[in-house]
Structure formats: structure tokens, C-alpha cells
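> Structure for the following, please:
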Amino acid sequence: MTAQHTKATGFRILVIDDNADIHMDFRKILTPVKQTPTDLEALFLGEAPRSDHPSVEIPHFELAAADQGLAGVEMLQAAMEAGARFDLAFVDMRMPPGLDGVDTIERLWELDSGLPVVICTAYSDYSGTEIFERLGVSDRLQILKKPFDPVEVQHLALSLATRRSLEDQASLRTEELERRVEQRTLDLHEAKDKAEAASRLKSEFLANMSHEIRTPLHGVMGMLELLKESGLAPQQQEYADVSLSSARSLLALINDILDYSKIEASQLQLDEHPFCLRRMAEELITISAAQKGDRSVDVVLDYCDTAPSLVVGDSLRIRQVLTNLVSNALKFTQSGEVVLDINAVACHDNISTFRFAVRDTGIGIPEDKLSVIFGKFAQADSSTTRQYGGTGLGLAISQQLIHMMGGRIHVCSEPGRGAEFSFHLQLPVCCDLRDESHADLLTSAPPQGLPSGDPTNPDDRPVVLLADDNEVNRVVAGETLKLLGCEVVMAVDGRQALELMSQQAFSIVLMDCQMPVMDGYEATQSIRQLAGPARSVPVIALTAHAMAGDRDKCLEAGMNDYLAKPFTLETLQKKLERWTGRSLTPETTGS
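Residues are numbered from 1 along each chain as shown. Model prediction:
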């Protein structure tokens, strides 16, 4: 019940008794004047008041009286309707025909279940046991025998009314707290909804921006790669190399931003598979060494001879982390060496614990920067970073990726004496394949049932259906496919691709996802409904969508694989070789 009564005028008492003298006695006892307890005794016992007691102010009580039970019940109901309920009721047990004391109390509690009641009686038609059987044992119920002691009446009135007042205040406070909690909960839900909506908008914005940026960048990088294969003069080749390097730096920037947004949104998932760790590390060092320019820096791989080579893990993300660490080391090392050290420090139940370390002889990292370099957009040396490029996200992403794989990157450094970044990873060992020459079979072989050609037959050229609505993309992909010795048929949308599929045989389909008339997802689903061999032709998604979930969406539509734009000649070559079973060699178009 909501407490509405205010104590501005004191406590409100209801007296229900058929004796008018009792009403008067209660008024005398609870009269709001300054008295002492002995003054009250003198009033009722006929003794002279004593002067040796200090005057005290008796709490103010507002009394209402009824001479029968029904009248008392009606007074309580009227008071509650007026928002000025009673704090306490004194009820006589024996009253004129109608409601006796027990009946009256039952009716009072039906209206106000929290009302304290004092039974006032000299003689009752009920025993104590019968009263409690009817009304129950409750601290709301007290018994006062007549004739009663005035001080006892005062104490009962004050204690019971005060307790109810405190209960009212507690109830109001509880209701206020519940209201605040409810409002706070609503606010939190609203904030959560807004945050989720903002996250969705952010993801959609990043996805759209990624697509819009990747599409023209694919044209730039593709044309530059084709230009490099056209037999350029040395100076022209240098210009093309610099342009392509700049384009790749821009792509790396886009990938860093997308990776970090995926990690923040918990959308990045690991793709664990068997791979050759030694070979991956060797390729990484070979590529990194080519990037040192004219600096006298040795880029070295120190792979422990006793460490396993064939392991299970996310090779792409491990390579991404190591590439970032080696690239950072090269940025800050003008002479000396950069070493990638890989060692197996423990092995248990075919799971090896690898220690990866990248150390250099560069400028080192100041002590005050060691604690912040893993923060997003943090840069230990902004001048050097500007010189060689970088987003300030690389180490933050690397730390998050290693954390997802169960490790943590540590760094130790001293200015002028280089730095070392290290981490440990537990990777299952592939015990059933000891020969590293078979490592590619673990990830590159096409599934059974897919068409494959005879790599020794030069006339057995893959016939590729390329579906893309963007003219530049068609030119880039088409010329790249021709460099790989493929025969190319082009479609400008999904419906045209579907029509071509029903007219001739293809070795493979490269399908853009976002096209007018019919998109790549719907076209692929329709291809899977065709009759005959056409329904089983491998379909590879070519798309500028590179956000979390895009690959899964392609696979769910019936596509076999996924290649994000911009792609390189090398990555396209590997996809074609995997899904056609043919060995492809790029041809030089120039003289």
C-alpha cells in the first residue's frame, strides 16, 4: 500500500468503544499539553500535581471516536478515501449488537492490512486462544486490559504509531528506490539499444566504405600488376613498383582499420587448419628481406631444428602478427640484423608450446613508451613511423590476435640497443604427416567430385566465367586470367551468368556478389538448381565486401570459396589452381 498520510498534524488515532467515558479518557490521556508522567497520575488518581518533575511535551494525537464497530469501519474507509488514514486503532471487544471487536478488527484489516490495533477489554466473549485463531498472531495486534494505565496507553500509542510512521517512510523510500531502479533499468536498456544501434551503423558504415574504397583500389592495383607484366623499361618498372607499393600500403591501412573494428565488435573468428609453420616463416622472411632497401640489415630466420613444422592453427593470423613485428623491426633498424626466432619449448599430448621472438639491433624503445605501444594508434616514434608508413594499429591488433589464440606479447628494449617482442602459443602437431613437402595437400587440394584438368596438357585451358557489373573490375580480372592462360567469358550481372551457364561448360565461375538485376548470391543459388554437371561447377566469390560474416554469407549461398578485392595475381592463381586442379603459370605480355 502506498503511504499517503503526513505527520504534519501528529498521529491519527481511531477509538471504537460503546462507552463515551472511554472516549473522554483517551482524549485526556493523549491531550497535547506540557505535562509530566506524575501529572497524568494526579489527573486520574486525584492527587495533587508534583513540581519536582520537569515539564515534557506529550506528542500530539488527533483522535476520532466511534461507538460501534460498523461506524468505526466506515470512518476508516472515509479517511482512506480522503488520503488521511489512521495510524492506530483502539477497539473494544464487547459492543452493542452488530460487529463485535473481533469482527470489527477483521473488517478494519480488510481495508487497511497494516493498521496496528490495540484490543481494549475488561471482559471478552472470546478467549485469548480464540482471538488469535481468528485474527492470527501478529505484531500489529496488542491487548490492553481495562482499567488501563494512562502511561501504558501513551507508550502504546506512541510506539505503535511511530513504528507505523517509520514503516510508511520505509515503504515510500523503497517505492522511490524501486522507481529509480526501474527508471535506471529503462535508461540502461535504452543506452544498450542505442549502443547496439550505433555499433550496427558503425559496422554498416565500415562495410560500405570498405566496399567503396576496395572497388577502385582493386582497379588501381590490378592495372599496376598488369602494367608490370607488360615488359616495361627499367625506369617505368621502378615507377610501377613504387605505385603498386603505395597502393598496397593503402590496402594495409584499410585492412588494419577493418581488423580492429572486427576485434572491437567481437566479430573476428579464428580459422584453424593444418599448415607448415617453417615454410610460412621462410616465405615471410624472404618477402621481408626484399623490403629492406639499401640498408645493411640482415633479415634472418632462426627455426629450431627440433621444433615441429606441421601444426594446426590460424596460419593467416599468425603470419599477420609475425609480419607486423618483423616490419616494425625493419622500420627502426638501419644496420645490424632482424631475427625471427621460432622454437618449441615444451610438448605434451601432441601439443607443442612454441616461443616466437622478433629481435632487432635498431634504435630501441624508451622506457616510458613500453607501457603504451600496444594501445590503438600508439606510436613509439612518430617521425620514423611517418617516414615508413603505419597506422598505429599494428601492435594493438597483434596483441588482440595473440590473446585470442591464448597468448600475450611481451616486449623488452633498451634505447640504442634494439628491442625484442615475444609470445608463446600452444599449437597441435600434425603427427600423421611428417614430410613437409605434403603440407600443401592439407589446405590446397580441391574437394572430391570437383572437376580437375590435366596439368601436363597445355591445350587444356580453364574456361572461366567472370560475372561482374563493374567494367574496370572486368578488365582487370579478365586480363589477369588471360595472363594465367585462362579462356574468359564475361557476364555483367547474375542473370546473364546463369544464362551462360545453361549454354556452355565452364571450369570455374568468378562471381561478384553485388550486381544489378540478379546479385551473386541469388545467381549461385540458381546455379545449384541447374541440371547436369553445371550445378557442381566451383563458384568463387569476388567481392569488395571484407567484413566479418561476408565469407560465411557467400558459403551459405552455395559458393565454394571467397576472394576479397583487391586481389593479386598470385592469390587468384592459387584459388584457380586449388579449384580446377591445374597448374597455372603467368605469362609475360610484353617484349
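> in the stretch 401-550 of the chain, which spans are strands?
Using DSSP state E, counting those that start in this stretch, the strands of the stretch 401-550 of the chain run over residues 410-413, 419-428, 463-467, 487-491, 508-512, 539-543.
> and the first one, what other elements does it pack with?
Based on contacts counted as 3 or more Cβ pairs under 8 Å, 6 or more residues apart in numbering; DSSP states H and E, the elements that strand 410-413 packs against are strand 419-428. All C-beta spots, glycine's among them, are computed from the backbone N, C-alpha and C.
> tell me the mean pLDDT over stretch 532-546?
Averaged over stretch 532-546, pLDDT sits at 86.
> right, and the strands of the stretch 401-550 of the chain - which one's nearest residue 203?
With respect to residue 203, and counting by Cβ to Cβ, the nearest of the strands of the stretch 401-550 of the chain is strand 539-543 at 16.3 Å.
> Which helix or strand lies directly C-terminal to the closest one?
helix 550-556 (DSSP states H and E).
> So which bits of that following helix are buried?
550-551, 553-554 (16 or more other Cβ atoms under 10 Å).
> quick revisit: tabulate the strands of the stretch 401-550 of the chain (JSON lines), appending distance to residue 337 and mean neighbour count.
Shown next, in JSON lines, are these (distance: least, Cβ to Cβ, whole Å; neighbours: other Cβ atoms under 10 Å):
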{"stretch": "strand 410-413", "distance to residue 337": "16", "mean neighbour count": "16"}
{"stretch": "strand 419-428", "distance to residue 337": "12", "mean neighbour count": "20"}
{"stretch": "strand 463-467", "distance to residue 337": "45", "mean neighbour count": "23"}
{"stretch": "strand 487-491", "distance to residue 337": "46", "mean neighbour count": "18"}
{"stretch": "strand 508-512", "distance to residue 337": "43", "mean neighbour count": "27"}
{"stretch": "strand 539-543", "distance to residue 337": "41", "mean neighbour count": "24"}
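> Just the terminal-to-terminal distance for stretch 357-368.
Taking Cα to Cα, to the nearest Å, the first and last residues of stretch 357-368 lie 22 Å apart.
> typo on my end, stretch 220-240
Using Cα to Cα, one end of stretch 220-240 lies 11 Å from the other.
> Include distance to residue 351 when you put the strands of the stretch 401-550 of the chain into JSON lines, please.
Shown next, in JSON lines, are the strands of the stretch 401-550 of the chain (distance: least, Cβ to Cβ, whole Å):
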{"stretch": "strand 410-413", "distance to residue 351": "21"}
{"stretch": "strand 419-428", "distance to residue 351": "5"}
{"stretch": "strand 463-467", "distance to residue 351": "42"}
{"stretch": "strand 487-491", "distance to residue 351": "46"}
{"stretch": "strand 508-512", "distance to residue 351": "38"}
{"stretch": "strand 539-543", "distance to residue 351": "34"}
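> out of these, nearest to residue 191?
That would be strand 539-543 among the strands of the stretch 401-550 of the chain, by Cβ to Cβ, at 34.7 Å.
> out of everything not next to it in sequence, what's closest to residue 324?
Excluding the flanking residues, the one nearest residue 324 by Cβ to Cβ, 6 or more residues apart in numbering is residue 394, at 4.4 Å.
> Give me the distance between that neighbour and residue 419.
Distance of residue 394 to residue 419, given as Cβ to Cβ, to the nearest Å: 14 Å.
> Same check on residue 427?
If you go by Cβ to Cβ, the gap between residue 427 and residue 419 works out to 25 Å.
> Over to residue 61?
As judged by Cβ to Cβ, residue 61 and residue 419 stand 83 Å apart.
> next one: residue 97
Residue 97 is 102 Å from residue 419, by Cβ to Cβ.
> Same check on residue 327?
Counting by Cβ to Cβ - residue 327 and residue 419 are separated by 13 Å.
> do residue 244 as well
Taking Cβ to Cβ as the measure, residue 244 and residue 419 are separated by 30 Å.
> Now do the strands in the stretch 151-300 of the chain.
273-276, 296-303.
> how about those strands, which one is nearest residue 338?
Comparing those under Cβ to Cβ, the one sitting nearest is strand 296-303, at 5.1 Å.
> buried sites along that closest one?
297, 299, 301, 303.
> what do you get for stretch 270-290?
274-281, 284-285, 288-289.
> Repeat that for stretch 16-30.
16-17, 22-23, 25-26, 29-30.
> can you redo these as TSV with pLDDT and secondary structure?
Conversion of those to TSV gives the following (pLDDT from 0 to 100; DSSP: H, G, I helix; E, B strand; the rest coil):
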residue	pLDDT	secondary structure
16	95	strand
17	93	coil
22	90	helix
23	92	helix
25	89	helix
26	90	helix
29	86	helix
30	83	coil
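> tell me the two of those that are most distant?
16 and 29 (16.3 Å).
> so how far is stretch 245-258 from its chain's centroid?
27 Å (Cα atoms, centre = their mean, to the nearest Å).
> buried sites along it?
For stretch 245-258, by 16+ other Cβ under 10 Å, it's 247, 250-252, 254-258.
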